[in-house]
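K.L.:
kindly generate the corresponding structure for this input.
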Amino acid sequence: MAIVLPKFSRRHSPVGRATEAQPAVNVALCREDGVYEAGGELMARWRIRRVCLDDLQSIEVSVLWHTEGKGDEDLHVHHFHRVSPEQLRRLGLADEQSLRCHLPASPLSYHGHLISLRWCVRLRLFMNDGREIIAEQPFHLVSPRSNFDSFGSQASVRASSQA
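P.N.:
Predicted coordinates for the structure are as follows:
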């Protein structure tokens, strides 16, 4: 679970807001190990606390991958959902919200010496005062488990023919 508590300068805070609690954004994956098979389904939950609904302009929830390391850094958004002010009012902020998406076959997560490819669920809050608050929960996209043994024959077929 990712919990983000951004730091704001008290010096530039409006007088009435100096004592307000800072926003908290939580993103939790449905799998504790954070490992998902390519072509499988990702489910996650997100929640925003300590933010007044009137202070929010919109929320974006996305599933994306990005590269880090040598050369150009790439970013690709696989799943995207923007929650408008009207939707925010209907949903409210008290309840946990959910995200569900079908993951692609590639690219798979990779961590090398020169480059890394990382997947994450990203939650972005756009505040009425112009601030953005971002929480990311990383996960690993791995190759799906195979029903084939190392010789290329189906293990399940062999097991059923021996019965």
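
K.L.:
what is the neighbour count of the closest residue to E68 other than its chain neighbours?
P.N.:
Spatial nearest neighbour of E68, chain neighbours left out: S116 (4.8 Å); criterion: CB to CB, 6 or more residues apart in numbering. All C-beta spots, glycine's among them, are computed from the backbone N, C-alpha and C. The tally of other residues near S116 (other CB atoms under 10 Å) stands at 13.

K.L.:
check which helix or strand covers S116.
P.N.:
strand 115-127 (DSSP states H and E).

K.L.:
buried residues, that strand. List them.
P.N.:
Within strand 115-127, the residues that qualify as buried are 117-126, counting by 16 or more other CB atoms under 10 Å.

K.L.:
one step back: for the residue nearest to E68, give me its contacts.
P.N.:
Counting by CB atoms under 8 Å, 6 or more residues apart in numbering, S116 touches 67-69, 110.

K.L.:
before we move on, what about H102?
P.N.:
Per CB under 8 Å, 6+ apart, neighbours of H102: 39-42.

K.L.:
point to the residue nearest the middle of this structure.
P.N.:
By CA atoms, centre = their mean, the chain has its centre lying nearest to V121, at 1.0 Å.

K.L.:
isn't it right up against Y36?
P.N.:
No. V121 is not in contact with Y36 according to CB atoms under 8 Å; the separation is 10.6 Å.

K.L.:
what do the two both touch?
P.N.:
42, 139.

K.L.:
just to revisit the earlier point, out of the buried residues of strand 115-127, flag the one nearest to Q22.
P.N.:
Nearest to Q22 among the buried residues of strand 115-127: L125, at 12.0 Å, using CB to CB.

K.L.:
hmm, the closest one is touching V25, no?
P.N.:
Yes. L125 is in contact with V25 according to CB under 8 Å; the separation is 6.5 Å.
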